[in-house]
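Student: missing the sequence, but the structure's below:
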C-alpha cells in the first residue's frame, strides 16, 4: 500500500448505505488522503474524518462547488447513485448520469488521474424481459435493464467508457450490511423470519451477495498498480462467489433473532407456482419504474428473490480470477453484523415460536 502514500482518492456517495462503510474502511487502510463527497447534512455524534482525510458536503449537480477537487485526485471511486427502482427516467438520469458526465469531461484533461472506479449494478444487465427460465447473469450477457434506474446505470457505464479514462466498472449484486434500508431485500428476509405465517413458506431461489464491508478491500486491489492490466478489462460482475439459497438466508436471520422456523412448511412446488404465475403476469407489462409502496415492493421480492431460481445469481469467477487477492466475508458473519443492535423478539414471542 506504500504506492498510495502521496495520493488522493476522491470518493462520491460517501454517506450512503454502502459509502458509509467503504469510507470508514478506506480511511483506516488507504495511506494517502481520502476526500469524501456527499450531500447528507451532519448527524449528531458524527465523528470528524481523521487527518489527513477530509469530507465535503455538496450536491454533485453543482459542479462549480467540487470540480476543482477532481483535478487534485489521483484516483476516483464513484459510488454516488440514486438507488431507486421506482424513480422516473428523468429523475434517474438527472441523478445518476448528468453529474457523472460532467465529471468525466473535467477528468479528460487531468494529468494526475491513474484510475476511475465506478460501482455499477447488476440492474444494468438484468434478465431479459419476462424470461421463461431465468439463467445466472454472466459476463458478456445481453444487457436488458428493466427499470429507468438500471438503464441509467448502463448509460453511466457507457459515458465512462467513451471518456477514454483509465477506468474499472464493477457491477455489484445485492448488497447487505449494517444500516440496511427499510424495504430492502434484507428487510424482507427479516419480515419473513419473524412472521410465523410467512416463515412457513419455502424459499427455493438462489442469489448472489456482497457484504458492504468487503468493497473497500476490493477497490484497493483494483487500484493497485500490479493489477492495472486486469483493471483495464470490460465491466466485471462482482460477488462473494457463492450462490446463496434464500431459504437458508431466512433461516439464518431467524436464528439471529432467537427463533426457529415452523417445522411444518408449505411445499416448495406451491411456492414456485406462485413465483411462476407472477413472472408470467410481469411479461405482459411494459418495463418501467417499480411502483412505490411497501406492499408492492414486498410482492416484488416475493415473486423474484423468493422462489425463482437464479434470477439474481451472477457468475463472478472472471473477477475473482483477475483479482485473487480479494477476500470476502462469510455470510453468517456478515448477517450477524447487519443485524447487530436491531430489536430482537421478546421472551414471549420466542417461547411461542420454539414450542
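Tutor: Yes, it's here. Keep in mind that this is a model prediction, so the values were computed, not measured.

Student: Which positions in the helix or strand hosting residue 28 come out as buried?
Tutor: Using DSSP states H and E, the secondary-structure element containing residue 28 is helix 17-29. For helix 17-29, the neighbour count (16 or more other CB atoms under 10 Å) marks 17-27 as buried. Glycine gets a C-beta too; all of them are placed from N, C-alpha and C.

Student: Tell me where this protein is predicted with low confidence.
Tutor: 1, 42-43, 129-133, 275, 278-308, 341-355 (pLDDT under 70).

Student: picking up where we left off before, quick one: name whatever helix or strand follows the helix holding residue 28.
Tutor: Scanning forward in sequence from helix 17-29 by DSSP H and E, the next helix or strand is strand 33-38.

Student: Looking at the buried residues of helix 17-29, which one is closest to residue 185?
Tutor: Using CB to CB, residue 17 is the member of the buried residues of helix 17-29 that sits closest to residue 185, with 12.4 Å.

Student: Could you list every helix and strand in contact with the helix holding residue 28?
Tutor: Packed against helix 17-29, as judged by 3 or more CB pairs under 8 Å, 6 or more residues apart in numbering; DSSP states H and E, are the following elements: strand 8-12, strand 33-38, helix 215-223.

Student: packing partners for the first one?
Tutor: When you say that, I think you mean strand 8-12. For strand 8-12, the elements it packs on are helix 17-29, strand 33-38, strand 75-78, judged by 3+ CB pairs under 8 Å, 6+ apart.

Student: And those: which comes nearest residue 178?
Tutor: Each of the helices and strands packed on strand 8-12 was checked against residue 178 via CB to CB, and the shortest separation belongs to helix 17-29, namely 6.9 Å.

Student: Could you state which residue of the protein sits nearest its centroid?
Tutor: In the chain, the C-alpha closest to the average C-alpha coordinate belongs to residue 175, at a distance of 4.0 Å (CA atoms, centre = their mean).

Student: what about that residue, distance to residue 182?
Tutor: Distance, residue 175 to residue 182, using CB to CB, to the nearest Å: 15 Å.

Student: now do residue 57
Tutor: 24 Å.

Student: Show me which of these two is the more surrounded one.
Tutor: For residue 57 versus residue 182, neighbours defined as other CB atoms under 10 Å are more numerous around residue 57 (15 against 10).

Student: In TSV, list the helices and strands packed on strand 8-12 along with distance to residue 207.
Tutor: Converted to TSV, those look like this (distance: least, CB to CB, whole Å):
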stretch	distance to residue 207
helix 17-29	17
strand 33-38	28
strand 75-78	25
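
Student: Can you check which of these gets nearest to residue 265?
Tutor: With CB to CB, the closest approach to residue 265 among the helices and strands packed on strand 8-12 belongs to helix 17-29: 31.9 Å.

Student: quick check: angle from that closest one to strand 8-12?
Tutor: 160 degrees (axes from the mean of the first three to the mean of the last three CA atoms, to 10 degrees).

Student: Could you give the separation of helix 17-29 from the chain centroid?
Tutor: Computed by CA atoms, centre = their mean, to the nearest Å, the chain-centroid distance of helix 17-29 equals 14 Å.

Student: can you map out the strands along this structure?
Tutor: In the chain, the strands defined using DSSP state E lie at 8-12, 33-38, 54-57, 75-78, 115-121, 167-172, 174-176, 206-207, 209-211, 236-237, 244-245.

Student: now the ones you listed in a markdown table, with distance to residue 268?
Tutor: Shown next, in a markdown table, are those (distance: least, CB to CB, whole Å):
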| stretch | distance to residue 268 |
| --- | --- |
| strand 8-12 | 43 |
| strand 33-38 | 43 |
| strand 54-57 | 48 |
| strand 75-78 | 41 |
| strand 115-121 | 29 |
| strand 167-172 | 29 |
| strand 174-176 | 22 |
| strand 206-207 | 13 |
| strand 209-211 | 21 |
| strand 236-237 | 28 |
| strand 244-245 | 11 |
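
Student: mind checking which of the ones you listed is nearest residue 229?
Tutor: Once CB to CB is applied to the strands of the chain, the stretch that comes out nearest is strand 167-172, at 11.3 Å.

Student: what does that closest one contact?
Tutor: Outside strand 167-172, the residues within contact range by CB atoms under 8 Å, 6 or more residues apart in numbering are 115-122, 124-125, 157, 160-161, 210, 215, 218, 222, 231-238, 314, 319.
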